[in-house]
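Participant: Kindly return the folded structure for what I paste below:
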Amino acid sequence: MIPKGLFSQLLMLCVSVAIVLTFIQPKLSEIGEVQDSINVYQKQRDEIVTVNSQLAVLVSEFENISPDDKARLINYMPDEVDTLAVVRDLFLISKQANVLYVDSEYAGLVGRDRRNDQSESNDMSPVAHQFNLSVEGTYRQIKDLLSLMQVNDYPLEIQKITLNNEQSGFLSVDISLNTFSFNNSLVN
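Facilitator: As a prediction, this is how the structure comes out:
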């Protein structure tokens, strides 16, 4: 039997509003929060998938680099500078350019305080190592020397060059140059 009176209908309306406010509304709020969490999770998952796909492309590109190119890269920007090898290479470059080799030496780190070297060794920025080279030769020989430095296996960046004309007609050249490593360790 369904009550037909106004009072009973108002009572039923109040009971239904109370049920909606006390039970259904909180459940709908919980469902909304869960849906929001799901949306955030899906967005983050999509971002992770994007990053993973970019990483996979980069890993694939890295794996496609030939072993010779990897060795050249390590040689070009090593973790440590072999100061004796650089001095030897400067001698050999001088000999190949047919200049008179006078002297070469390792002059130290450039732009870093030696006291802070240990704390900065994890920094991935290149560290400059300065070398000085003294040679004598003709203009053409000096020009050949500078050209050979440009095609070296690792960077030899000229910082300062001083030319003096000798009485014998040759040029006396003092070159200050830098090479680089990823950390400040030295191999002697």
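
Participant: so where's this protein shaky on pLDDT?
Facilitator: 1-3, 112-124, 184-188 (pLDDT under 70).

Participant: swap the cut-off to 90 and go again
Facilitator: 1-32, 61-81, 110-127, 151-155, 165-170, 180-188 (pLDDT under 90).

Participant: And the helices in it?
Facilitator: 6-19, 25-63, 67-76, 83-96, 139-150 (DSSP state H).

Participant: Would you mind splitting the protein into its domains for me?
Facilitator: For the chain, automatic domain parsing gives the domain ranges 30-64, 75-187.

Participant: how far does the first one sit from the chain's center?
Facilitator: Right, domain 30-64. Chain-centre distance of domain 30-64: 24 Å, with C-alpha atoms, centre = their mean, to the nearest Å.

Participant: quick one, which of the helices of the chain is nearest to D103?
Facilitator: helix 83-96 (9.5 Å; C-beta to C-beta). Bear in mind the C-beta positions are built from the backbone N, C-alpha and C, glycine included.

Participant: contacts for that closest one?
Facilitator: 100-101, 104-106, 129, 131, 133, 135, 145, 148-149, 152, 179, 186-188 (C-beta atoms under 8 Å, 6 or more residues apart in numbering).

Participant: rerun that using 10 Å as the cut-off
Facilitator: Residues outside helix 83-96 that contact it (C-beta atoms under 10 Å, 6 or more residues apart in numbering) are 78, 82, 99-108, 129, 131-137, 141, 144-149, 151-154, 156, 175, 177, 179, 186-188.
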